[in-house]
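Novice: Based on what follows, work out the 3D shape:
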Amino acid sequence: MLCNQNMLIVGTILSFLIYSSFGVLGETGIDPFETPIKGWIIDIGEISGGNFIKAEILNGHHKNLTNVEWSIRIDHGYIFYGREKTGVVENIPSYNKVTVKSFVFGFGTIEIYVHAKAPDGSSSTGNAIALIFGPFTFVSTLPH
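Specialist: Below you'll find the model as predicted:
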């Protein structure tokens with residue numbers, strides 16, 4: 001019995017140390033295990049290149065997201081086509097993601113901004129640095 005109590009105490013302390021070391025409470029002050037978060041949880045996932053600029057929009061809510069407005073905007077470089085594209089995703093299933101894409105033609109070093117806005121007004125923005133050469137985009141994997 002005493003061994004089980006000690007294991008519980010050690011496990012609780014380790015959980016707290018691991019939990020706090022990842023900064024879950026530090027920057028936002030929100031404890032996701034304490035109270036449910038109101039509103040939608042929307043995020044921008046991976047931004048990638050190739051023939052198109054592609055971006056993932058993530059739904060971290062237990063309900064489906066509908067009518068999510070999104071945009072992909074390019075800054076810098078010499079862009080001849082596709083500097084900005086907008087659209088609406090009709091449905092993102094709960095705890096799932098969709099990929100949106102935009103065709104861009106240009107040259108140079110660019111910065112890609114992806115924005116998504118949920119119906120309740122919550123939103124998320126992601127960005128990446130890339131090199132564009134004609135229709136091909138090479139997104140940097142280095143931190144910026």
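
Novice: When you work out contacts or count neighbours from here on, use the C-alpha atoms and nothing else.
Specialist: Fine.

Novice: those strands in this protein, which residues are they?
Specialist: 42-48, 53-59, 65-75, 78-81, 84-92, 96-102, 105-117, 123-134, 136-139 (DSSP state E).

Novice: In contact with the closest residue to residue 132 other than its chain neighbours, which residues?
Specialist: Leaving aside its sequence neighbours, residue 132 sits nearest to residue 107 (Cα to Cα, 6 or more residues apart in numbering; 5.0 Å). The contact partners of residue 107, by Cα atoms under 8 Å, 6 or more residues apart in numbering, come to 77-79, 131-134.

Novice: can you do 6 Å?
Specialist: For residue 107, the contact set (Cα atoms under 6 Å, 6 or more residues apart in numbering) comprises 77-78, 132-134.

Novice: quick check: domain ranges of the chain?
Specialist: 1-34, 42-139 (automatic domain parsing).

Novice: and these as JSON lines, adding mean pLDDT?
Specialist: JSON lines is the format used below for the domains of the chain (pLDDT from 0 to 100):
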{"stretch": "domain 1-34", "mean pLDDT": "47"}
{"stretch": "domain 42-139", "mean pLDDT": "94"}
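
Novice: Distance of residue 110 relative to residue 51?
Specialist: 15 Å (Cα to Cα, to the nearest Å).

Novice: more neighbours, these two?
Specialist: A direct count of neighbours by other Cα atoms under 10 Å for residue 110 and residue 51 places residue 110 higher, at 21 against 16.

Novice: What's opposite that one in the beta bridge?
Specialist: residue 130 (DSSP bridges).

Novice: need the contact list for it.
Specialist: Here residue 110 is in contact with 75-77, 129-130 (Cα under 6 Å, 6+ apart).
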